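Visitor: Okay, sequence plus prediction incoming.
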Amino acid sequence: MPVQPTYPGVYVEEIPSGVRPVPSVSTSVGAFIGTFRKGLLNEAVQIFSWGDFEREYGGLDRNSETTYAIQQFFLNGGTEAWVVRIADTETGAPPVVPPTNANAAEVILFEDPGNAGDEIFRVRAGRRIRGESAQNPGEWGNSLRVDVDYDTADPTEQFNLTVSEIRQVGDRTLVLQTETWRNLTMRPDTPNNALEVVNQGSALVQLDRDGLNPANLPVPFATTFRPASSGTLGAALPQVPAIPGDTDAFNLDIGTGAINGSIQYNGAPAPTTYAGLRPFLEEAVRRAAADPGVADGLKPLLTGAQVSLIGNNTAANPARFFVQLGRSARPYNPATTITLDGMGAATVLLPAAQGATENTQQTALTGGRDGTAPAPGTNFRPVPVGFFQGQQAAKTGLYALEDVDLFNILCIPEATYLNDAAMRTLYTEAITYVEDRRSMVIIDIQADVASMTQMQTWLVDNDGLRHANSAVYFPRTNVSDPLNQNRPRSIGASGAMAGLWARTDTARGVWKAPAGTEAVLRNVESLGASLTDQENGQLNPLGANCLRNFPVYGNIAWGARTLDGADLRASDWKYIPVRRTTLFIEESLFRGTKWVVFEPNDEPLWSQIRLNVGAFMQDLFRKGAFQGSTPREAYFVKCDSETTTQTDIDNGIVNIEVGFAPLKPAEFVILKIQQIVRRPEA
């Protein structure tokens, strides 16, 4: 605010400089839509590396060409991408094989296994996005395991929940990641309510009680309303310790018949508390592995067994022994149960009715299905085009990108699995969408388009896809497939080219054509067709960019035209770098001039606009983005009374005109060579 002098002295007033720099937006953010083994449906997830993709979506999948395209994107120089997973969630009619609908794995935990009236909650593969629970369908969810124990501050009401993702490698069970949630309760309106705590923090599962019996928690709240523990939870121990004597026997059954065991103190004094008894009981259970009746595959279940003491042995919190088997068995079966009973005179510790609280060692989620992959073949129903396109109102499919602030290059590799009409429908909608988002789409060709003649036919059949914001490359690329003993696999070029565009932007700028001898295609073993110069000359004027193999240079991109770049169309947007530079300037100025809105519309504002937009364009000129040896030749920024009339001012409009001389690639290099004839000297 202006200083209002009220006393004699010196006043300091800060005056705005009027400088509002226009930031340059990114030009190489990729966006991929496809089917994957795991991941949230219809959610755009940002990734910065191939490792991020493996963690979020499971890595390469032979049924998903998009996974190979994303790998190529990062190998060829891409650094940031948004990924949207789609899947067919509709149930198909038999005998379609495999099941056509994608489904999330789940399991219902009970207070007392087998008692449908004691359903506690459902555990379903998924995680929370923007405050809402989202499912994560796929067979991957069948590898999730749930553990419940009562080693908590209040074992009569609270429980711990552990969720693990495992992988079977041969007969070994590897734990990939684990989440543990402690001191949970089903009591409503508490800080550690299980559904609220787990749903807010878990990246693997979500809990719910939808449709379960009882529909509401018991009133008044029952403290025993909690999921049954994993392993074996003994009955409440007497408050007066009843300690078994030396060599007192007990029976152990892990599904293969009774196994004899015994407590052995080995000369040590008998303990006087249950806490003192615990290590001797654990040692006795482990020693039972030496019983001749124990199969070799089950011995690790006993040798790695753990015995815990739950509770503090008070009337309100009685003590119990909790037995869990070891998990180093090969293979490990999470459904293994244990029955432990009888201990000489102290049978009250482990009563014969132990089977009433006998539970599996872990609970596995089941029912997860990937859904039908959109691959050709008589036993596969392709994912309908509607799942790719999605709905704008629901932000599904293509429109899941509505939640993305900025992306520049869209790839839909599995569009080639659709029939011709469906593919054209999908790409037509994608082109319209990227035009609104000031982005580009790289169109992939089908695997059966393998010759120059077939590509010419493809261009004729798909003339409707010609647009300044689309580009196509021929032929397809062959990459090493680690899921098929590194044999070559044919994939569309969109992933590799999106990465190459990003690499070129970083090294040279968006105004440099992503083609030429520097445009090497990394991790591409070979090309689907070998083109001659004459064949290249047939496709280039039609707006198809060719991929070529040259000695020494290897496989490179040898074209930089948009699909609007056919010679007959005489388009201003003939070249990819020209179109992308324009989109870059548009998006940068769109974001960088928002401060203008609601400012007083007169010369002071116009001069500020000229200053800031001019500084942005001058910076691009100095970087070599435009033709011309002087700024006057390279660009102009106009915003004054000529561009904005009084009528515009009355209507709240300020007009800014920005022009630039784009750099165009030297597509044809013509060398003129003349022989000099020396005349004889006179």
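Guide: The structure has been received and is ready for your questions. Just so we're clear, the structure is a prediction, and the values are computed from it rather than from any experiment.
Visitor: domain assignment for the protein?
Guide: 1-22+601-682, 30-87+382-578, 103-228, 237-350 (automatic domain parsing).
Visitor: mind giving me a markdown table with those domains and columns for distance to residue 592?
Guide: Quick note: C-beta positions are derived from backbone N, CA and C, even for glycine. Shown next, in a markdown table, are the domains of the chain (distance: least, C-beta to C-beta, whole Å):
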| stretch | distance to residue 592 |
| --- | --- |
| domain 1-22+601-682 | 3 |
| domain 30-87+382-578 | 13 |
| domain 103-228 | 28 |
| domain 237-350 | 57 |
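Visitor: Relative to residue 594, which of these is closest?
Guide: domain 1-22+601-682 (9.7 Å; C-beta to C-beta).
Visitor: Return the distance of that closest one from the chain's centre.
Guide: For domain 1-22+601-682, the separation from the chain centroid amounts to 41 Å (computed by C-alpha atoms, centre = their mean, to the nearest Å).
Visitor: Also stretch 47-57?
Guide: The answer for stretch 47-57 is 6 Å, by C-alpha atoms, centre = their mean.
Visitor: Pull out the buried positions in it.
Guide: 47, 50, 52, 53, 56, 57 (16 or more other C-beta atoms under 10 Å).
Visitor: any idea which of the residues you listed is closest to residue 641?
Guide: Nearest to residue 641 among the buried residues of stretch 47-57, with distances taken as C-beta to C-beta, is residue 47, at 49.2 Å.
Visitor: In contact with the closest one, which residues?
Guide: Contacts for residue 47 (C-beta atoms under 8 Å, 6 or more residues apart in numbering) come out as 53, 56, 80, 81, 82, 83.
Visitor: how does it look with 10 Å?
Guide: Residue 47 makes contacts with 30, 32, 53-57, 70, 73-74, 78, 80-83, as judged by C-beta atoms under 10 Å, 6 or more residues apart in numbering.
Visitor: per-residue pLDDT, the residue lying closest to residue 468 once chain neighbours are set aside?
Guide: With sequence-adjacent residues excluded and distances taken as C-beta to C-beta, 6 or more residues apart in numbering, residue 468 is closest to residue 573, at 3.5 Å. Here, the pLDDT recorded for residue 573 equals 95.
Visitor: same check, this time on residue 253
Guide: 64.
Visitor: Report the separation between residue 529 and residue 539.
Guide: 11 Å (C-beta to C-beta, to the nearest Å).
Visitor: Common neighbours of those two, please.
Guide: With C-beta under 10 Å, 6+ apart as the test, residue 529 and residue 539 both reach 452, 455, 474, 546.
Visitor: Return the member of the residues you listed nearest to residue 122.
Guide: Nearest member of these to residue 122, counting by C-beta to C-beta, is residue 474, at 49.9 Å.
Visitor: burial measure for residue 483, as a count.
Guide: Residue 483 is flanked by 14 other residues according to other C-beta atoms under 10 Å.
Visitor: Oops, could you answer that again for residue 604 instead?
Guide: The burial count for residue 604: 11, using other C-beta under 10 Å.
Visitor: Repeat that for residue 552.
Guide: Residue 552 - counted by other C-beta under 10 Å - has 5 other residues nearby.
Visitor: helix/strand/coil for it?
Guide: Using DSSP: H, G, I helix; E, B strand; the rest coil as the criterion, the local structure at residue 552 reads coil.
Visitor: what's the single longest strand in the protein?
Guide: In the chain, taking DSSP state E as the definition, the longest strand is strand 172-184.
Visitor: circling back to that earlier point, inside helices: which ones of the contacts of residue 47?
Guide: 53, 54, 55, 56, 57, 70, 73, 74 (DSSP state H).
Visitor: residues in contact with the first one?
Guide: So the one you mean is residue 53. 32, 36, 39, 45, 47, 59-60, 67, 70-71, 73-74, 81, 83.
Visitor: Tell me the one among the residues you listed nearest to residue 291.
Guide: Using C-beta to C-beta, these come closest to residue 291 at residue 59, 43.3 Å.
Visitor: ok, the closest one to residue 29 distance?
Guide: Distance, residue 59 to residue 29, using C-beta to C-beta: 21 Å.
Visitor: swap in residue 468?
Guide: Residue 468 is 19 Å from residue 29, by C-beta to C-beta.
Visitor: Ok, residue 442 next?
Guide: 14 Å.
Visitor: Mind listing the shared neighbours of those two?
Guide: The overlap between the contact sets of residue 442 and residue 29 (C-beta under 10 Å, 6+ apart) consists of 409, 498.
Visitor: Looking at these two, which one has more neighbours?
Guide: Neighbours around residue 442 and residue 29, counted as other C-beta under 10 Å, are more numerous at residue 442. The numbers are 25 against 21.
Visitor: beta partners for that one?
Guide: Beta bridges link residue 442 to residue 411, residue 471, judged by DSSP bridges.
Visitor: thinking it is in contact with residue 497, fair?
Guide: Yes: assessed by C-beta atoms under 10 Å, residue 442 is found in contact with residue 497 at 5.5 Å.
Visitor: which residues do the two both contact?
Guide: 69, 409, 411, 471, 472, 473, 545, 576.
Visitor: Skip the chain neighbours and tell me the closest residue to residue 247.
Guide: Nearest to residue 247 is residue 262, by C-beta to C-beta, 6+ apart, at 5.2 Å.
Visitor: How about residue 624?
Guide: residue 509 (7.1 Å).
Visitor: Could you do residue 657 as well?
Guide: Using C-beta to C-beta, 6+ apart, the closest residue to residue 657 is residue 638 (4.3 Å).
Visitor: Contacts only, for the one you found.
Guide: Residue 638 is in contact with 606, 609, 610, 613, 614, 644, 655, 656, 657, 658, 659, counting by C-beta under 10 Å, 6+ apart.
Visitor: can you give me the helices for this protein?
Guide: With DSSP H as the criterion, the chain has helices spanning 50-57, 65-75, 194-201, 274-287, 299-303, 385-389, 420-436, 452-461, 494-507, 533-539, 576-592, 603-622, 631-634, 646-650.
Visitor: Cool, thanks, talk later.
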